[in-house]
Structure formats: C-alpha cells, structure tokens
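Q: Got a predicted structure plus its sequence, pasted below:
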Amino acid sequence: MDRKIRYTLSIAVIVLLLASFFIFIPMYLFPPGLLISEPNFLLRPDGRVIKIDVENRGLGAIELNRLFIDGTPILTWLPEKIILEKGEETSITISYHWLPEKIYNIDVYALPDTHGYIEAESPVIEPNITLQLGNCTVQEIDGVKIVSVPYEIESLANDWIHVILFTYQYYEKYPRPLYVFYDPVFMAPSSIERASAFTELALNYGISAQRVNYTVLEAIGKVRPPAMIIFFDPLMDWLGKEVHDALPAVVLDPDEDGHVRDDSAYGKSLLYDWMYDDGLILVTIGSTQPHKYILYTDGRVNFNLDSFKWSDASFFLTSGGEESELFRGNFGIGDYTPTRITSSLGIERWWSLQAFDKDSMTNEGIEFYSYGDYNLPYQGDLYNLTLPAFVRVGGGGWLALGDDYNQMSDEKVIHDLMMILLHAPWDSIWIPYGWYWDNSAKFYQTQGAEFCVDGTLNTEGIPSHIIDMLTVRVLAIAYNSDYNEILIQEKFIYLS
C-alpha cells in the first residue's frame, strides 16, 4: 500500500513539473503584455516621427491608451488599431522631434493593466541641402528690368532655410584673410564676448576668422596685405577703463608721435592707404569715429592730434575732403526706413549718434552701399542718412556698423554683420542704389525634417539705363540645430 501511494505521489509530482514547464517557462520566455519592436526614427515632410510595432502577448483583448517617452506623456501618437486581440499586432506613429544619437525610453500602456517598454538609440543624421536654378529671365517693362530666377531646394534635417538673390554688375570673390582683433589686455570684456561670439558663428558659416592680438596685428600692419580686419568697440586702457572711438596705434599711429596724417602717403591715415592701395576692408562695430583715440602698446591712450572736428572720420577713413560733412546726427539719426536689402538679409534698425549723409557722399562722388535709410530733420533741413554702410576706398573700403548698439542683442549684432559679409559688396561692382532693387529673399521653417520646395525670386524693377551686364548670385543658407551647423549652397548666372 505504501509503495502504491509513493508511486502515485511520484506520478503527481512529475505531472506538476511538466505542467509547470509547459505553462510557466513560455510565460517567462514570452511574458504576457505588449511586445515592442525596435523603433524606426524617421525624417518626413511633416516632421520627425518614431514608428514602432506592438504585439499583444496577453491572454485577452486590450485597448491602447497611453504612451510615454523618457517619462513624459506624449499626445501626438497614432496607432493603426486601438483594440488588439490576443496575438494581434499594430503600428504606432509618434510625432516627436527626436534628436540624433540619443537613447530614448518608450513605454506603452493598455487596458486592462498591460504595459510594454523598449530602450533604443536614435541614428546619426547627415544634414544636407541642394539648390538648383532654372532659366533666369530678364523682363524689361517701362524702362526697368526685372530679374527672375526660378529655384528648387531639397533639404534634410534642417530647421530653416534662407534663400537670397543678389544681382551685381560684376562679382568675383577675392580671397582675403579675415582677422578679428582679439586681445583681453586691450579690449573691454563686452567686446571680447562679441568677438568670441562672432568667430564661433563664422566657423558655422564656413568662414575662418583668425583672432589676432596686439603683437600679431602689428606684424600684419607692417606687411599691409589685402585683408579684412574687424574691430569691436570699446577697447580698454592699462587701468582697465573702457575706451571708445579708439584703434590700436600699430594701425593708426605706428611711430607713436600722436599724429596720424604723417604716416600716410595721402596725408590721411595709414588705414586709408592700406584700404586704397592694398585692398584692406576695415570693419568697425560700435564706433563711427574710430580714429579719435590711439591705444598704445603700454596701454596709454592719447587723442589723435590731427583730429579737430567732432566727426571727421570721413577725412581720415574715406576719400572725403578736409571740409567734408559726410556724417550727420543730432543725438540720433532720425526716422528709420527699411530698404529691400535690409529685408532680404534680415537686418534690423541700428542705433547710432551719427550716420553717413547719402546726399553729401553722392555729391562728392564717394561710392557706398547702404543697409538702412534714416530721415533726420535738423534746423529746417531734412537729411537722408544711412547706416550700416560700406564705403568704397580705392581697392578696399570701410564697413561701419553704428556707434550705439547697446540696444541690440549680441546675437543680432553678430547676425547682421555675418549677413553683410555674405553679401560682400566689396567683391563687386554693385548696381547704383541697388539696395532698393537688386535683391530678393524667401525664408522657410523646415521643422528639422525632409523638405522640398520650388519658387521664384524676383528683383524690383532696376532702371535699364544703369546696367548693361549682370551677375546673378543665389545663396541657400540652411541651419541644423542638432549639430549647430550652417550649410550654404551658392550658384551663379552670368548675363550680358
């Protein structure tokens, strides 16, 4: 009897073990709940999405009802089916601006009390942009010419695209090195911050901006190569005090005698000679009278002994005469009127105590390109002023960007400077008064996804009698925030 009981008990134990194996082992290997497939991270025309497949591994029907990414509830998800029977699958599309090379935790919940989870890493993104131009046409109507350029753009993973049309009488890129005066010993902290921001942004645009200190600037000044040099105002003296309207002696008064005109073959300034003879592009940000004070190697600051007027930079830095009145201002520069070029480049109003007088420069035969119009009523007269402005000086020139930019953010200051550098009037023979009609632009928000667009850029009507040949230049500028990267495509069309 005891043997029969033991035998029966043994058989029962074996049956229970087998039952456990066939019931619990599958449940361990394939637990009930939601099984989530490896996500697909996609770039689509409507934005970035994540696609997953889920399978109901439970014992009955379930209803999908919640989805989380990294613990944050997501409302923009769309399953192909909400109710899943046992063993049934469905796809879920999640509209989510995912970032490249990042690990995401995705949780999906269903009723009754069902959950699925997966961890996945998003892929690397390679942002790109392509620009194609169609047949450029020039339509002449009532004495004006309108230039039209069809374009097609394809973009991947960029946040925005800025496409700009420039027309010139002639354009040829000249390979000038770009230097930025950068010396914490001789520059105010605010100027160092702006110079740092500019050089970093320039790299994003593919522009190599070399920082040069006082010693290196001195060596460059002795050679006088065709170059572009940018100065941010204010500088700083040996006591740590800010010095406005000043430049280093090595480019203004190299013999350190306090006089500027004796260093010039033209009786103006060393910088004028460098611009006129050797193609220097001088860029001053924060001062329209940068010649007033001289900062020496020991940190001393002296007044320019040859400067006798409140605003005589036009004599020292342009082709204006000693009695020229090329600057006007009355504790401001009047009412602002944006021009077509300012809209195309996205340049805002610049604040300044004085600006270039367009009528005076025209009367003296001084070539300039304007980036903003101002009307200043003063003592019964109305003056037409401009700022920022590039003034041609022989083979080079001076780009002045105002003397009171404290009302602008550093980002906006640097943006406007960068856009003018891209326009590069110094490398061109521009169309007279071209800021009113020689350009056009469009801007697209592209959601960091796949984007295609075609359109046409049209200039304003350009008076036919002032142009005979045309160089058409189109830039497509794209920004990708994932890698903080700027992509630029450039195309040319030459018309005769």
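A: Cool, got the structure. Numbering: from 1, shown residues only.

Q: Quickly find the element holding the closest residue to Asp359 other than its chain neighbours.
A: Spatial nearest neighbour of Asp359, chain neighbours left out: Asn384 (5.6 Å); criterion: C-beta to C-beta, 6 or more residues apart in numbering. For glycine as for every other residue, the C-beta is placed from the backbone atoms N, C-alpha and C. Per DSSP states H and E, Asn384 falls inside strand 381-386.

Q: before we move on, what about Leu417?
A: Going by DSSP H and E, Leu417 is part of helix 410-423.

Q: which parts of that helix are buried?
A: Residues Val413, Ile414, His415, Asp416, Leu417, Met418, Met419, Ile420, Leu421, Leu422, His423 are the ones in helix 410-423 that count as buried (16 or more other C-beta atoms under 10 Å).

Q: biggest separation within the residues you listed, which pair?
A: Val413 and His423 (16.3 Å; C-beta to C-beta).

Q: could I have the strand holding Asn384 exported to PDB, CA atoms only?
A: Below are the C-alpha coordinates for strand 381-386, written out as PDB (Å, rounded to 0.1, in the frame of the first residue of the first chain):
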ATOM      1  CA  ASP A 381      16.600 120.700 -43.300                       C
ATOM      2  CA  LEU A 382      15.900 117.000 -43.900                       C
ATOM      3  CA  TYR A 383      19.000 114.800 -44.200                       C
ATOM      4  CA  ASN A 384      19.000 111.400 -45.800                       C
ATOM      5  CA  LEU A 385      21.300 109.200 -43.800                       C
ATOM      6  CA  THR A 386      22.400 105.600 -44.000                       C
END
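
Q: just checking, next helix/strand downstream of the helix holding Leu417?
A: strand 428-429.

Q: Which parts of the helix or strand following that following strand count as buried, going by neighbours?
A: Downstream of strand 428-429, the first helix or strand assigned by DSSP H and E is strand 439-458. Within strand 439-458, the residues that count as buried by 16+ other C-beta under 10 Å are Asn439, Ser440, Ala441, Lys442, Tyr444, Thr446, Gln447, Gly448, Ala449, Glu450, Phe451, Leu457.

Q: Out of these, which is nearest to Ile161?
A: Closest to Ile161, out of all of the buried residues of strand 439-458 and judged by C-beta to C-beta, is Tyr444, at 4.5 Å.

Q: Roughly how far does the nearest residue to the closest one once chain neighbours are set aside sit from Ala219?
A: Computed as C-beta to C-beta, 6+ apart, the closest residue to Tyr444 that is not its neighbour in sequence is Ile161, at 4.5 Å. According to C-beta to C-beta, to the nearest Å, Ile161 and Ala219 sit 41 Å apart.

Q: between the two, which one's more packed in?
A: A count of neighbours by other C-beta atoms under 10 Å puts Ile161 above the other of Ile161 and Ala219, at 22 against 10.

Q: Surely that one is in a strand?
A: Yes - applying DSSP: H, G, I helix; E, B strand; the rest coil, one finds Ile161 inside a strand.

Q: how about it, what does it touch?
A: With contact taken as C-beta atoms under 8 Å, 6 or more residues apart in numbering, Ile161 is in contact with Ile129, Ile153, Ser155, Phe443, Tyr444, Thr446, Phe451, Val453, Ala476, Ile477, Ala478.

Q: That one pairs with what?
A: Tyr444, Ala478 (DSSP bridges).

Q: Distance of it relative to Glu154?
A: 10 Å.

Q: Give the intersection of the neighbour lists for the two.
A: Ile129, Phe451.

Q: just for this protein, where's the confidence low?
A: Scanning the chain for pLDDT under 70 picks out 1-32, 405-406.

Q: Might you report the residue contacts of the residue sitting nearest the centre point of it?
A: Taking C-alpha atoms, centre = their mean, the centroid of the chain lies closest to His415, which sits 5.8 Å from it. Neighbouring residues of His415 by C-beta under 8 Å, 6+ apart: Gly346.

Q: What of Ala400?
A: Neighbouring residues of Ala400 by C-beta under 8 Å, 6+ apart: Thr284, Ser287, Thr288, Phe356, Leu387, Pro388, Ala389, Val391.

Q: in the sheet, who's paired with it?
A: Here Ala400, judged by DSSP bridges, has bridge partners Thr284, Ala389.

Q: so Ala197 makes contact with Glu411?
A: Yes - when contacts are counted by C-beta atoms under 8 Å, Ala197 is listed as touching Glu411 (7.5 Å).

Q: what's in contact with stretch 81-94?
A: By C-beta under 8 Å, 6+ apart, the residues outside stretch 81-94 that reach it are 49-65, 67, 69, 74, 76-80, 106, 108, 110.

Q: Just the closest of the buried residues of strand 439-458 to Asp312, please.
A: The nearest member of the buried residues of strand 439-458 to Asp312, counting by C-beta to C-beta, is Asn439 at 32.6 Å.

Q: ok, the closest residue to Asp416 other than its chain neighbours - contacts?
A: Among residues not flanking Asp416 along the chain, Ile347 sits closest, at 4.7 Å (C-beta to C-beta, 6+ apart). Taking C-beta under 8 Å, 6+ apart, we find Ile347 in contact with Ile341, Tyr371, Gly372, Pro388, Asp416, Met419, Ile420.

Q: now, which of those residues sits nearest Ser37?
A: Distance ranking of these against Ser37, using C-beta to C-beta, places Met419 first at 46.4 Å.

Q: how close does that closest one sit to Phe166?
A: Met419 sits at a distance of 11 Å from Phe166 (criterion: C-beta to C-beta).

Q: Could you break this structure into its assigned domains?
A: Following automatic domain parsing, the chain resolves into domains at 34-121, 125-169+431-496, 175-427.
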